[in-house]
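Chemist: Okay, here's the prediction I keep looking at, along with the sequence it came from:
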Amino acid sequence: MKDTTTKWVLGHRVTPHNTIGDYDLLTGETPGKTDGPPPHSHQTYKEVFLITEGEMVFIADGKSITLKAGESIDIAPNTVHTFTNKSDKACKWVNIHSPKGFRQFFESLGVPEKIDNAAQLSLAPEIIQKVIETASNYDMYLKM
């Protein structure tokens, strides 16, 4: 199993956790007033978010829902979705993708948290361009 390394990915602090099942398990933190990824869908992955602290606004298939600590959302394959933290406080969450495989997106495109200014670097134009150019390699189809 791979060691877990916390990284900043598009302004979000993400930690992958090793699993023996056919799913990826990640924990994350989204700072206050931080947007999520561009609207996108996955053809293969089923996705779940569980909010553990704070709140997050999710948009899935054009419908907006605010989730608070203890609430979750299931996102079926081919569902266009994104999220944003509109509050001033950080939001913590658990994210699961099934089947296993999407973890590679975070590992490949994230900036290790130990690097100075990692959060800001994760939003650098060259990183965003790399996400746009390679998203489909990770079964992530942007709807920009």
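Modeler: Sure thing, it's come through.
Chemist: hey, let's count contacts and neighbours off CA atoms from now on
Modeler: OK.
Chemist: Under the pLDDT cut-off, which ranges of this protein? List them.
Modeler: Across the chain, residues meeting the criterion (pLDDT under 70) sit at 1-3.
Chemist: again, only this time at 50
Modeler: Where the chain drops to pLDDT under 50, the residues are 1.
Chemist: Tell me where the longest helix sits in this structure.
Modeler: In the chain, taking DSSP state H as the definition, the longest helix is helix 125-134.
Chemist: Mind listing residues that contact that one?
Modeler: For helix 125-134, contacts defined as C-alpha atoms under 8 Å, 6 or more residues apart in numbering pick out 10, 109, 121, 142.
Chemist: Now the last one. Its backbone dihedrals?
Modeler: Geometry field for Leu142 lists phi and psi as phi -70, psi 140, criterion degrees, to the nearest 10.
Chemist: That one: neighbour count?
Modeler: Around Leu142 there are 18 other residues, counting by other C-alpha atoms under 10 Å.
Chemist: and the closest residue to Arg103 other than its chain neighbours, what is it in contact with?
Modeler: Among residues not flanking Arg103 along the chain, Asp24 sits closest, at 6.0 Å (C-alpha to C-alpha, 6 or more residues apart in numbering). If you count contacts by C-alpha under 8 Å, 6+ apart, Asp24 has them with 16-18, 95-103.
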